[in-house]
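Asks: How does the following fold in three dimensions:
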Amino acid sequence: MGIFNQAVSGLYLEKLKNIALFEAIKDNEVAMKRVIEVSSLRKFHKGDYIIKEGEMGDELFILLEGSVDILKKTMAGDDYVVTSLKAEYNIFIGELALIDDDKRSASVVAKENSETLVIGKENFLSLGDSDPHIGLSVTRVISKILAGRLRKTNEDMMTLFDALVTEVQD
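Replies: From the prediction side, this is the model:
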């Protein structure tokens, strides 16, 4: 069972069933256990950075316990809180790192002592190679997330463009 004993694995299995990334495979206990097998546990103290904006990343984090702030830098280099999230929200962060090799787009800081389940890109790709159903299911969810973000960005760009045009015309 990898690094987790049977009892611990059962707790994480129930949590993972509530994570949107695993919606398509949540009832497939073998697939879910395979996900747990390629995962590791990582704890963070209050104030610790889980992810730093601008750094390269290759890990996805599933928040098991605690809460985090998502931070972005302003043009002046100051941090501002985009949102705060709690483990009860069944969140995952850093999912793009499973797909591409690029810098992190935001920082994530533990608001309190927190515990995460971590899946590294190499482990995810190996899992997808050995069990394409798992890899495809998770990749589809990430693709839907990206499509939604792209649509929102397009809408935001049009709103800004319209505001700029209106301002210039006045």
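Asks: How about E65: what's its closest non-neighbour residue?
Replies: Excluding its sequence neighbours, the residue lying closest to E65 (Cβ to Cβ, 6 or more residues apart in numbering) is E115, at 4.2 Å. Yep, even glycine has a C-beta here, placed from its N, CA and C like the rest.
Asks: average pLDDT across the helix or strand where the one you found lies?
Replies: Assigned by DSSP states H and E, E115 belongs to strand 114-120. The pLDDT scores in strand 114-120 average 96.
Asks: From here on, call the first residue 296.
Replies: With 296 as the first residue, the last one maps to strand 409-415.
Asks: Packing partners of the lengthiest helix in the chain?
Replies: The residue-count maximum for a helix in the chain (DSSP state H) belongs to helix 427-464. Helices and strands touching helix 427-464, by 3 or more Cβ pairs under 8 Å, 6 or more residues apart in numbering; DSSP states H and E, are helix 324-332, helix 416-425.
Asks: who touches the last one?
Replies: In this structure, residues lying in contact with helix 416-425 by Cβ atoms under 8 Å, 6 or more residues apart in numbering are 329-330, 333-334, 353-355, 392-393, 429-431, 433-434.
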